[in-house]
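J.: Generate a structure from the sequence data that follows.
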Amino acid sequence: MPEESLQTPQQTFDIGDPLPDEYRDLLVRMMSHEGERTGNRSFMVFFESVLDNAGKYAPHQDAQLTMAGYVAEEMKHCIMFHRLIMEIDKDLVFRDTPFAHYAFHLPRNTWTDMNWFNFFLDLNGAFHAGEWKHSSYLPLRRIAPTIERDEFGHSDMGYRFLEATCKTPEGKAEAQEKLYTWYPAALDTFGTSTSKRNPRFLHWGLKTMTNEEIRQSYRRYVDEKLRALGMTIPDEKANRRFL
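T.: Purely as a prediction, here's the structure:
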């Protein structure tokens, strides 16, 4: 890959600015993967399932209330992205966009599964929002700090619940068993290391790291947290679907 293709142009874009065709296509593609908008029925149905599962599996009422607060913050993100996407592609606003990544379709029929989901998948959102703080698309840059802060909070919520679970030998054993499913799925959420579009996202300043660079930064953060829980860290390439 020629070095210049990885350099970020200095140009930024704001609401109302004409967008180059390739830039707009990449931005729409990135936002369609987010799925967080009020017109996306699949997003709403997914978070209905979060509340349903909290009612079934949360160990006490305080945990249920915490999960309700989590969903409320995700709905706030939904409104923020809805407004942002209205400025990019009105056709996308009400398009039903199911979650494509398999991590969103793994069973979440235990409290421990729910907690691993929050720890890993919301953390993924935090890492992407960290990139957006430097985005060449200024409306995305402006909302990124709020998204990053909230998603780190959501990940920490899952982690605190896992800490409580791991206080018993039985709970720790269950968490370790479930980790072998969630760990590779979490690493896979950053896509393939050989993505052909990655250099173009970098070129336009819509991303600051390659898929593999952000994955490894994420993995280092995750592994430190897992060691603190006393978990055995799985092989990073075991059971992966996207390398």
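
J.: Can I get stretch 19-33 in PDB, CA atoms only?
T.: Output of stretch 19-33 as PDB, limited to C-alpha atoms (Å, rounded to 0.1, in the frame of the first residue of the first chain):
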ATOM      1  CA  LEU A  19     -19.200  15.700   0.400                       C
ATOM      2  CA  PRO A  20     -16.900  14.000  -2.200                       C
ATOM      3  CA  ASP A  21     -18.700  10.900  -3.500                       C
ATOM      4  CA  GLU A  22     -16.300   8.400  -2.000                       C
ATOM      5  CA  TYR A  23     -16.300  10.200   1.300                       C
ATOM      6  CA  ARG A  24     -20.000  10.200   1.500                       C
ATOM      7  CA  ASP A  25     -20.200   6.500   0.500                       C
ATOM      8  CA  LEU A  26     -17.800   5.500   3.200                       C
ATOM      9  CA  LEU A  27     -19.500   7.700   5.800                       C
ATOM     10  CA  VAL A  28     -22.900   6.200   5.000                       C
ATOM     11  CA  ARG A  29     -21.500   2.700   5.200                       C
ATOM     12  CA  MET A  30     -20.000   3.400   8.600                       C
ATOM     13  CA  MET A  31     -23.200   4.900   9.900                       C
ATOM     14  CA  SER A  32     -25.300   2.100   8.600                       C
ATOM     15  CA  HIS A  33     -23.200  -0.300  10.600                       C
END
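
J.: And the pLDDT at Glu151?
T.: pLDDT recorded at Glu151 is 98.

J.: Excluding sequence neighbours, find me the nearest residue to Ser136.
T.: Gly205 (3.1 Å; Cβ to Cβ, 6 or more residues apart in numbering). (Glycine included, C-beta is placed from N, CA and C.)

J.: what's the answer for Phe201, then?
T.: According to Cβ to Cβ, 6+ apart, the nearest residue to Phe201 is Lys207 (4.0 Å).

J.: ok, back up a step: and the pLDDT at the residue nearest to Ser136?
T.: Value listed for Gly205 in the pLDDT field: 96.

J.: how far out from the middle of the chain is stretch 146-158?
T.: 10 Å (Cα atoms, centre = their mean, to the nearest Å).

J.: Okay, now the unreliable bits of this protein?
T.: 1-10 (pLDDT under 70).

J.: So in it, which helix runs the longest?
T.: Secondary structure assigned by DSSP state H gives helix 138-165 as the longest helix of the chain.

J.: Give me the residue at the spatial middle of this structure.
T.: With distances taken as Cα atoms, centre = their mean, the residue of the chain nearest its centroid is Gly125 (2.9 Å).

J.: circling back to that earlier point, which other helices and strands does the longest helix of the chain contact?
T.: Judged by 3 or more Cβ pairs under 8 Å, 6 or more residues apart in numbering; DSSP states H and E, helix 138-165 is in contact with helix 61-86, helix 111-117, helix 123-132, helix 169-188, helix 211-229.

J.: The first one to helix 123-132, inter-axis angle?
T.: Between the axes of helix 61-86 and helix 123-132, defined by axes from the mean of the first three to the mean of the last three Cα atoms, to 10 degrees, the angle is 40 degrees.

J.: now Arg37: how far from Phe43?
T.: 7 Å (Cβ to Cβ, to the nearest Å).

J.: hey, what's in contact with both of those two?
T.: Common neighbours of Arg37 and Phe43, counting by Cβ atoms under 8 Å, 6 or more residues apart in numbering, are Cys78.

J.: wait, what's in contact with the closest residue to Gly130 other than its chain neighbours?
T.: Leaving out its chain neighbours, the residue that sits closest to Gly130 by Cβ to Cβ, 6+ apart is Glu148, at 5.3 Å. The contact partners of Glu148, taken as Cβ under 8 Å, 6+ apart, are Ala126, Ala129, Gly130, Trp132, Lys133.
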